[in-house]
Structures are given as C-alpha cells and as structure tokens.
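Student: what's the 3D shape of this:
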Amino acid sequence: MTLAKQGDHIRVHYKILLEDGSLFDSTFPREPVQFQIGQNKLHLAFEKAFIGMDIGESKTITLSVDQAFGPHLPEKVVEVNRDRIAPDVELHKGQRLKMMGCSRRAIMVKVVDFSESSVTLDTNHPLAGKNLTLELTLMAIL
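Tutor: Reported below is the predicted structural model:
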C-alpha cells in the first residue's frame, strides 16, 4: 500500500458540488488533474485532503465558507469606467472577464451591471460565500 504524502506528484479526479447539490466543476469526462502536494498551486484544503489516501481510494469532504474561499465581500464589488473594458466586448450580466488587477496580475471578474459609462464588477472568487462538497479520487502517485 502506497499512501500519498507531502511532496508527492499525484493524479486525481474530483467533483466540486455546491450546497444545493449542483455541480460547479468536475474533471469528468476530462483527464485527471496532476499536481504536487504542498506546492499550493491548488486550494490548500484540496491538496491536503489527498494526504494519506491510497491509489484508487475515494473520499468526500465538506468545506465551510471559511475553509473554502471565504465570505463574499461587498467591498470587492467595484464600479469602473466603461473605457476600462475593450470597446469590442459586448457585455452581459453574469459574464466572466479576465482583467489586469492592481498588482498587474490577471484576475477573473463577473459583470454585475453596466451602462454606457460604467461597469460594476464583482472581483470575489466565484466560490466566495459558498459551502462546498468535494468528491475526490486518487488515481495515481507518480
């Protein structure tokens, strides 16, 4: 029996379910995701959940809002001038856009509202304010 540990490169399948049971994301039917435990490339609780698992083992974990992506913060909903968005982009509510953040890193934002002169953007993580259930399967330790 080989158990996953900190520093291992692993290949995994997962499903992320919202509190109402709806599916947010899944690796199925795609290929499994590969990462190294402890490199913090993915959410810390997600990475740590695989420690001690055996190849082929599955488990389900539940993350509260605070364990997952934190609360939805109203101060992260901001209004910007419409000219910050490329003129050829046709906006609609709920649309996800990739923009340059203050730290010059790309961030994903959601269009909340817009007019000819301004756009209201939600810069919270899409899963902020949500309790999550993760269905995890360890496919391989590389």
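Student: When you work out contacts or count neighbours from here on, use the C-alpha atoms and nothing else.
Tutor: OK.
Student: how about the helices in this structure?
Tutor: Listed from the start of the chain, the chain has helices (DSSP state H) covering 44-49.
Student: domain parsing for it?
Tutor: For the chain, automatic domain parsing gives the domain ranges 9-69+128-141, 74-122.
Student: Can you tell me which of these is most buried?
Tutor: The highest mean neighbour count among the domains of the chain belongs to domain 9-69+128-141 (a mean of 16), with neighbours defined as mean count of other Cα atoms under 10 Å.
Student: From one end of that domain to the other, what's the distance?
Tutor: Counting by Cα to Cα, to the nearest Å, you get 6 Å between the two ends of domain 9-69+128-141.
Student: Same check on stretch 67-74?
Tutor: Taking Cα to Cα as the measure, stretch 67-74 stretches 19 Å from start to finish.
Student: One more: stretch 28-37?
Tutor: Between the opening and closing residues of stretch 28-37 we find a distance of 21 Å, counting by Cα to Cα.
Student: State the mean pLDDT of it.
Tutor: Averaging pLDDT along stretch 28-37 gives 94.
Student: Please apply the same query to stretch 6-13.
Tutor: 96.
Student: mean pLDDT for the domains of the chain: which is lowest?
Tutor: For the domains of the chain, where the average pLDDT is lowest is domain 74-122, sitting at a mean of 91.
Student: for that domain, the distance to its chain's centre please.
Tutor: Computed by Cα atoms, centre = their mean, to the nearest Å, the chain-centroid distance of domain 74-122 equals 19 Å.
Student: thinking again about what came up before, now distance to Thr2 too, for the domains of the chain, in a markdown table please.
Tutor: Below are the domains of the chain laid out as a markdown table (distance: least, Cα to Cα, whole Å):
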| stretch | distance to Thr2 |
| --- | --- |
| domain 9-69+128-141 | 6 |
| domain 74-122 | 38 |
